[in-house]
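Chemist: let's see this in three dimensions:
(one chain, ligands or ions: 1)
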Amino acid sequence: MAIQTEQTSKEIRQQLEDGKRLERAQAEWLWHNASDQELSELSKIVRGRFFKADEATYLLMRIINYTNVCVAKCDYCSFYRLPKDKDGYVRDKEYIFSKIDELVAVGGNFFGFNGGFNPKLRIDYYVDLFSSIRKRYGDTIEFYALTVVEFLYIARLCQLSNQEALKMLKEAGVNWITGGGAEILADSFRLRHSPLKYTVKEYMDTQADILDAGLKTTGTMVIGFDETLQERLDHLDTVRKFQDERLQAGKEGLFSFLCWTYKPYNNELGGEEISSREYLRHLALCRIYLDNIKFMRTSVLTQNQAALNGLNYGANDFDIPWEDEVTQLAGAVIEKDVERVLDYARQAGFNPRLRAVNLPQ
Ligand code: SF4
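Modeler: Residues are numbered from 1 along each chain as shown. This is a model prediction of the structure:
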C-alpha cells in the first residue's frame, strides 16, 4: 500500500510538472492521502505557471452592506432580517459615501456592495446608487456592485431579463458583479440550506450572462458547513467546466477564484469552524484543480494570519478587508493594521504589492 501511495504521488507530481491537468479521482486521492507539505508543493507547481515564486498582490477593500433585509432565509446566515423586523435597514447615499471616504482616506480604493434579497428595493435604487458613486468618484475607485444571486433576485423582482438589468447597471457605471452567493455549487447542498438562493444552473447561467454583457465577475466558494467532499468536488468541477467552455469559445472567463470559510455563530445552522489546516489543504486543491483560472485568492477576512500562509498553498492574491458586517456578525474578526497583515505575508516568504483593479497602476 505504501508503495502504491508513493507511486501515485510521483505520478501526480510528474503530471503537473508536464503542464497536465488533475482529474477528479486524483483530487479525491490527494485529499485523503497527501501530506500538507505535498499539497503545498503541488499547488506551487500550478501557481508557478502564472506567477513568480515570491509574487503576491492584495487589495485594500471594504464591504458596504447597503441593506440587511433579505427574504432568502439561508440557514447559515447571521446577517439577514426579514422585512418586518425592527432592526432591518437600508443605507442612504450619504451613509455609503461616508464609508467610501473613510477607506479612501487610509489608501483603499476597492469596495464590495453586499446586501440581501430586499423586496422593497427595485432596480432604480441600484441604478441611482451606482451612478451617483461614479458621478462623485469617477474612476478613482472601483467596486463589485452586487453578488450574482442579488443581481438575479433584482432582475426577477423587476421582471427584467438578465440582459436588460445588466444593461441598466452597466450604463450606471458598474464594471464588476462578484461571484458571491455560490457557497457550494451542488444542488443537494442548496436544497438543504438555501433553497431560495437559486439552483446551480440558474447561478451559472447568470454568470455567463454577466460576462456576455461585458462585465467582469469572479468565482467564489465557501466551505465548512456540512458539505461532503463530493459536493466540494462538484463545485470545483462546475467552475472548471464553465471556465473551459468560456475560454475555448474565445470568451471572457472568471477573473479570479476565492474560497473562504463558514463562520458558525448567531445563525440557525450553527456548528463548528473548520481548522485553518483544512482550509489551506482545500485552497491547495483549488489551485491545483482550477488550472484555468489565473488569480487564486486567500481569505484574510475569515482566516486572518493563517490566510497569508495560503500564499504557500497556491494563492497569489488577497484582500485586506476593512469591514464586512455579514461575516463579522457570524464571528469574523477584522485586522485593521495593514502593515501587520503585510508583514504576515512577508514572513510567509512573499513580496506583497498593492493591486489595481481597473485603475491606473
Ligand atoms: S446569505 Fe445572503 S441571501 Fe442568504 S439569507 Fe443571508 S443575506 Fe440573504
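
Chemist: do I have it right that Phe350 meets Leu311?
Modeler: Yes - contact status for Phe350 versus Leu311: in contact at 4.9 Å, counting by CB atoms under 8 Å. C-beta here means a position set from N, CA and C on the backbone, and glycine is covered the same way.

Chemist: shared neighbours, those two?
Modeler: Ala56 (CB atoms under 8 Å, 6 or more residues apart in numbering).

Chemist: who has more neighbours out of those two?
Modeler: Leu311 (26 against 23; other CB atoms under 10 Å).

Chemist: in contact with the more buried one, which residues?
Modeler: 56, 298, 318, 345, 348-350.

Chemist: same thing with Val357?
Modeler: 59, 110, 142, 176 are the contacts of Val357 under CB under 8 Å, 6+ apart.

Chemist: for the ligand, what's its nearest residue on the stretch 251-361 of the chain.
Modeler: Val326 (6.7 Å; CB to the nearest ligand atom).

Chemist: that older thread, give me the subset of the contacts of Val357 lying in helices.
Modeler: In helices, judged by DSSP state H, none of the contacts of Val357 are found.

Chemist: most neighbours among those residues, which one?
Modeler: Busiest of the contacts of Val357 [other CB under 10 Å] is Phe110, holding 24 neighbours.

Chemist: just list whatever residues bridge to that residue.
Modeler: Using DSSP bridges, the bridge partners assigned to Phe110 are Met61, Glu142.

Chemist: for the stretch 201-350 of the chain, just list every one of the helices.
Modeler: 229-248, 276-289, 300-303, 305-309, 325-329, 338-347 (DSSP state H, counting those that start in this stretch).

Chemist: lowest-pLDDT helix or strand in this structure?
Modeler: The helix or strand of the chain with the poorest confidence is helix 325-329; it has a mean of 80 (mean pLDDT, DSSP states H and E).

Chemist: which helices and strands sit right next to it?
Modeler: Packing partners of helix 325-329 (3 or more CB pairs under 8 Å, 6 or more residues apart in numbering; DSSP states H and E): none among the helices and strands.

Chemist: list the contacts of that helix.
Modeler: Against helix 325-329 from outside (CB under 8 Å, 6+ apart): 63, 65, 68, 77-79, 114, 260, 263, 265-266, 301-302, 334.

Chemist: any idea how many residues pack against Leu329?
Modeler: There are 18 residues near Leu329, going by other CB under 10 Å.

Chemist: find the nearest non-adjacent residue to it, please.
Modeler: Ser78 (4.4 Å; CB to CB, 6 or more residues apart in numbering).

Chemist: who's in contact with the one you found?
Modeler: So Ser78 contacts 263, 265-267, 326, 329-331 (CB under 8 Å, 6+ apart).
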